[in-house]
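Engineer: Starting from these lines, generate the structure:
(2 chains)
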Amino acid sequence: DTEVTQTPKHLVMGMTNKKSLKCEQHMGHRAMYWYKQKAKKPPELMFVYSYEKLSINESVPSRFSPECPNSSLLNLHLHALQPEDSALYLCASSQEGGVFNEQFFGPGTRLTVL
Amino acid sequence: QQPVQSPQAVILREGEDAVINCSSSKALYSVHWYRQKHGEAPVFLMILLKGGEQKGHEKISASFNEKKQQSSLYLTASQLSYSGTYFCGTPDQGAQKLVFGQGTRLTINP
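Structural biologist: Below you'll find the model as predicted:
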């Protein structure tokens, strides 16, 4: 299984809602990532988990809260988002963290904040 | 610091060749290349490592010039399926994370 899955595919939420994005991989990878991608822009790193521990937080606002319940799962909890947070949220995984291993991306969750 | 890609966009006919460049102002330990089709996730193409090692699984070649802090991706005899946006990723923050270039949009016409 060489797939990263993400749910939901699409999400529309109001600024007062609380929602969660889910990511799963069964490749035995020990690093997992959250990226944010705006239209016609490259993916921007938000968080990195390595061996289930948060290793990088790119100064992301606290309205985004990551969680890694186990080595296969990664969640992103959303609360009190702003319209400018609307974007494609990509999850990725790699065998190890760092820059020497390829990253496998999931299909993304397209988020719209009203 | 974000690597710089050139060109920003290129339009080719099927069968023509393309070269996409990626330059960094920092020393490079590795360069990653990904392709993203419209509405889809980025897909890994190739990783080039300091010392000449390459890892990839597509019929695409690339070069890595550590001294010039540059990498080039070579797409020969392009096919319609090569269309998409190509991103290079280079190390940042003590080689702990990747930073992606702004992308090169490749359009292949029949």
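Engineer: Contact partners for residue 107?
Structural biologist: Let's take chain A. Contacts for residue A:107 were tallied using C-beta atoms under 8 Å, 6 or more residues apart in numbering or on different chains; they are A:5, A:6, A:9, B:40, B:41. Where C-beta positions appear, they are placed from N, C-alpha and C, glycine not excepted.
Engineer: Not quite, go with chain B.
Structural biologist: Taking C-beta under 8 Å, 6+ apart as the criterion, residue B:107 is in contact with B:9, B:10, B:11, B:12, B:83.
Engineer: helix or strand for it, which one?
Structural biologist: Element membership for residue B:107 (DSSP states H and E) is strand B:104-109.
Engineer: partners of that strand in the sheet?
Structural biologist: Listed by DSSP bridges, the sheet partners of strand B:104-109 and their directions read strand B:9-13 (parallel), strand B:84-92 (antiparallel).
Engineer: Centre of the chain to stretch A:39-56, how far?
Structural biologist: Its chain's average C-alpha position is 7 Å from that of stretch A:39-56, according to C-alpha atoms, centre = their mean, to the nearest Å.
Engineer: same thing with stretch B:76-95?
Structural biologist: Taking C-alpha atoms, centre = their mean, the mean C-alpha location of stretch B:76-95 is offset from the chain mean by 3 Å.
Engineer: any weak-confidence spans in the chain?
Structural biologist: No chain was given, so I picked chain A. Applying pLDDT under 70 to chain A picks out residues A:1-2.
Engineer: You answered for a different chain; I wanted chain B.
Structural biologist: Judged by pLDDT under 70, chain B has its weakly predicted residues at B:51-59, B:93, B:95.
Engineer: let's see it at 50
Structural biologist: Applying pLDDT under 50 to chain B picks out no residues at all.
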